[in-house]
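S.K.: Model the structure of this input:
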Amino acid sequence: MISTIVVAKAKNNAIGKDNDLLWRLPDDFKFFKNVTLDHFVILGRKTFDSLPGLLPRRTFVIITRQKDYQAPEGHFVVHSLEEAFDLCQLKAQEEAFVIGGGVIYKESIDKGLVDKMYITEVDAEIEGADTFFPEYDSTNWTEAAREHHAADDRHKYAFDFVTYTKA
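M.R.: Got it, this is the predicted structure:
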């Protein structure tokens, strides 16, 4: 199984504030939807709780320390990142996506559990953020693809879709 991070981050690695996104980039939302559709997505409970609702055609694997936390029907609760990946393999997933938050990203990188990263690199320095994408050793990753998008009337910031694979 391939395990993949999907994240949009600013130049200073900011990814969120008060359990919300820092920007609205419609093409990034479209990219996220296209890559995660019909897959399992792994995320922390706080990130799950911050969503406006269930994302159609995605199966949530929610990581929480709360032993009595109940997932919506058809979704799963686990109590560790390793348990999340084990569940995805047990359910014969070809690829599973880690979608946040900051602690889950950090743990998945630090433990070497991800094979690929889709990073939307937003051309902005966002002040006041409270959640950040972790620093990682770039020598462990190879840039496999990059696609630039200029700022326009629908996108306040320019951004690049970048695919990294484990070196």
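S.K.: and the gap between residue 18 and residue 52?
M.R.: Taking Cβ to Cβ, to the nearest Å as the measure, residue 18 falls 14 Å from residue 52. All C-beta atoms are positioned from the backbone trio N, CA, C, and that covers glycine.
S.K.: Which of the two has more residues huddled nearby?
M.R.: Between residue 18 and residue 52, counting by other Cβ atoms under 10 Å, residue 18 is the more crowded of the two (9 against 5).
S.K.: show me the contacts for that one.
M.R.: Residues near residue 18 by Cβ atoms under 8 Å, 6 or more residues apart in numbering: residue 130.
S.K.: can you check the one 4 residues further on too?
M.R.: With Cβ under 8 Å, 6+ apart as the criterion, the residues that contact residue 22 are 10, 14, 15, 16, 126, 129.
S.K.: how much space between the second one and residue 117?
M.R.: Distance from residue 14 to residue 117, counting by Cβ to Cβ: 17 Å.
S.K.: One more: the first one?
M.R.: Note on residue 10: its distance to residue 117, by Cβ to Cβ, is 16 Å.
S.K.: how would you label the closest residue to residue 116 other than its chain neighbours: helix, strand or coil?
M.R.: Distance criterion Cβ to Cβ, 6 or more residues apart in numbering; nearest residue to residue 116, sequence neighbours excluded, is residue 4 at 4.4 Å. Classification of residue 4 using DSSP: H, G, I helix; E, B strand; the rest coil returns strand.
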